[in-house]
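Enquirer: Predicted model follows, preceded by the sequence.
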Protein chains: 2
Amino acid sequence: MTSADTPRSGQPKSRLSRDIVLAKALELVDAEGLEALSMRRLGLELGRDPMSLYRYAQNRAALLDGVAELVLDDLSIEPSDPDWKAQLRKIAHGLRRQALRHPNAVPLLVTRPLSTPLGLRPLGTLRPLEQILSLLVAAGFEPADALHVYRAYYGFLYGHILNELQEFVVDPEENEALLRLGLHRLPAKDFPWLRALAPALAEYDGEAELEQGLAILLSGLEAQLTRQTAGSGA
Amino acid sequence: MTSADTPRSGQPKSRLSRDIVLAKALELVDAEGLEALSMRRLGLELGRDPMSLYRYAQNRAALLDGVAELVLDDLSIEPSDPDWKAQLRKIAHGLRRQALRHPNAVPLLVTRPLSTPLGLRPLGTLRPLEQILSLLVAAGFEPADALHVYRAYYGFLYGHILNELQEFVVDPEENEALLRLGLHRLPAKDFPWLRALAPALAEYDGEAELEQGLAILLSGLEAQLTRQTAGSGA
DNA sequence: ACCACGATGTCTACACTGTAGACTTTACCC
DNA sequence: GGGTAAAGTCTACAGTGTAGACATCGTGGT
């Protein structure tokens, strides 16, 4: 036999590792969507028997969790930034960027946590939460209030991402055409505004929209903070 | 043979209909989760051959869309309410209620739209959008701004729902115990705040939280409105 | 050099999935 | 009654996740 087996595809048969598996999985999801990520397909992509994957993830579900973790791990948070609002803005844009980079993985980010009790989630998923709490407490919020702020903030952020991805239609170029085409199908009688707003929908600027929403929310939250530290000046 | 065939389960074999199929599907999802909803299982539940379902939904995917639509159809929106903020609050609480009533279906609400271009979605899914736009325009927003407001509002709303369901842990009674148990597992060194906030997490009041976030957001949005109608008073 | 042992990868098999296509049964109208 | 379209069924195929037994590899000790 030749020196390299050159299996169906992929590398010349070095040892596998969790990172390699997850990376390939994410690659596959990015390229062909979540449905394409089956154990067999991933095995084929790695030039290995599908069963070998179970050494690196207990389940398909666990594998999906791993992929989600991988996407989130690219977020860098600095919990000691004195300008908490700026830091939250930075994080928000970072997450948005990841979402746009891996749109097919977004359902995972949003959906997997729903099936796992908070405390049992992969640590990578919990770290942002912890770090943001720390950031907020350092900024002067009472711990309990930090939790409220976190919820308002992260809620808005996830919501925005879902919104943006829904409108963007993952398809790259023919965006506008597709969008208008779709809207054109709507009965004009029942959907006058949606149809009228088709051009506006096509010009959607997610980044600006996010920034604007954050501005409203963060200044509102800040108002709470000053009101509170002024009021209960123990 | 006896007068009634009494199949595996369900009714005595009357005619099927889309509504019946979808209702049973939602029932099944509520009871056993999304994964339990297979064509074969649903067929069995209805006492019919699985293949008969394809008369009422082209696909399994279409069936899932139908279930999502069913959940959303319970929302009632009054686009002519003069108090737009109150109306938006009412809608928000309505959606939250549906989400808590059908937690297993929430991934559908959040995920299905991601795989369908906006204009091609089931009309039931688009109606809320249209109605809210109409509400906002009636309240004095420029159409384009109405779209921005809608996005900020719906983004926040969906985000909140995801947040709340994540923390609530669908399991009914042993909530607090489970939660604490989970958190207790976290390394105290890396997750001090999360652990410290375990009690606060257990007391999560989703309704109040939603109300508070909405208050911040809506008053911020209203400020935009007054600023705008005052400024460009043509 | 050899052997042994634990980690890594493979094979086989089972129960289950969605759904295409041809078929049978049912309900209803003239 | 006869005809026709809809509703329901049957069979079959290609694909899925994964348990359990097995083979192979890499690295340690002696």
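Expert: Structure's in. What do you need?
Enquirer: What segments of chain A are helices?
Expert: Counting by DSSP state H, chain A has helices at residues A:18-32, A:39-46, A:60-72, A:84-101, A:106-111, A:123-138, A:143-168, A:175-184, A:192-196, A:198-202, A:206-231.
Enquirer: Figure out which of those is closest to B:Asp81.
Expert: Evaluated over the helices of chain A, closeness to B:Asp81 peaks at helix A:192-196, with 15.8 Å, by CB to CB. Using the backbone N, CA and C atoms, a C-beta is placed for each residue, glycine as well.
Enquirer: mind checking how far that closest one is from the chain centre?
Expert: Mean C-alpha position of helix A:192-196 versus that of the full chain (CA atoms, centre = their mean, to the nearest Å) differs by 30 Å.
Enquirer: how about A:Leu92, what does it touch?
Expert: No Leu there; residue A:92 is Ala. A:Tyr153, A:Leu157, A:His160, A:Leu210, A:Leu214 (CB atoms under 8 Å, 6 or more residues apart in numbering or on different chains).
Enquirer: ok, back up a step: comparing the helices of chain A, which yields the minimum mean pLDDT?
Expert: The weakest mean pLDDT among the helices of chain A belongs to helix A:175-184, with a mean of 67.
Enquirer: From A:Leu133, how far off is the residue nearest to A:Gly119 when sequence neighbours are not counted?
Expert: Closest residue in space to A:Gly119, ignoring its immediate chain neighbours: B:Gly182 at 1.8 Å, by CB to CB, 6 or more residues apart in numbering or on different chains. Look at B:Gly182 and A:Leu133: by CB to CB, to the nearest Å, they are 16 Å apart.
Enquirer: out of those two, which sits in the busier spot?
Expert: Of the pair B:Gly182 and A:Leu133, A:Leu133 is the one with more neighbours under other CB atoms under 10 Å in any protein chain shown, namely 23 against 19.
Enquirer: thinking again about what came up before, can I get the helices of chain A in JSON lines with distance to DNA strand C?
Expert: Converted to JSON lines, the helices of chain A look like this (distance: least, CB to the nearest atom of the strand, whole Å):
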{"stretch": "helix A:18-32", "distance to DNA strand C": "9"}
{"stretch": "helix A:39-46", "distance to DNA strand C": "7"}
{"stretch": "helix A:60-72", "distance to DNA strand C": "13"}
{"stretch": "helix A:84-101", "distance to DNA strand C": "27"}
{"stretch": "helix A:106-111", "distance to DNA strand C": "17"}
{"stretch": "helix A:123-138", "distance to DNA strand C": "21"}
{"stretch": "helix A:143-168", "distance to DNA strand C": "22"}
{"stretch": "helix A:175-184", "distance to DNA strand C": "22"}
{"stretch": "helix A:192-196", "distance to DNA strand C": "29"}
{"stretch": "helix A:198-202", "distance to DNA strand C": "29"}
{"stretch": "helix A:206-231", "distance to DNA strand C": "31"}
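Enquirer: and B:Val149, which of those is closest to it?
Expert: Comparing those by CB to CB, helix A:206-231 comes nearest, at 9.9 Å.
Enquirer: Go through the closest one and flag the buried ones.
Expert: By neighbour count with 16 or more other CB atoms under 10 Å in any protein chain shown, helix A:206-231 contains the buried residues A:206, A:209-210, A:212-214, A:216-218, A:220-221, A:224-225.
Enquirer: near chain B, from these?
Expert: Filtering these for proximity to chain B by CB under 8 Å from any CB of the partner chain leaves A:Glu209, A:Gln212, A:Gly213, A:Ile216, A:Leu217, A:Gly220, A:Leu221, A:Gln224.
Enquirer: circling back to that earlier point, which of the buried residues of helix A:206-231 lies closest to B:Leu186?
Expert: Using CB to CB, these come closest to B:Leu186 at A:Leu221, 26.0 Å.
Enquirer: if I look at the closest residue to the closest one other than its chain neighbours, how far off is DNA strand D?
Expert: The shortest distance from A:Leu221 to any non-neighbouring residue, by CB to CB, 6+ apart, is to A:Val149 (5.2 Å). Going from A:Val149 to DNA strand D by CB to the nearest atom of the strand, to the nearest Å gives 38 Å.
Enquirer: Next up, the contacts around A:Val149.
Expert: The contact partners of A:Val149, by CB under 8 Å, 6+ apart, come to A:Leu136, A:Phe141, A:Leu221, A:Gln224.
Enquirer: ditto for A:Thr116
Expert: A:Asp65 are the contacts of A:Thr116 under CB under 8 Å, 6+ apart.
Enquirer: Before I go, just wanted to say thanks for your time.
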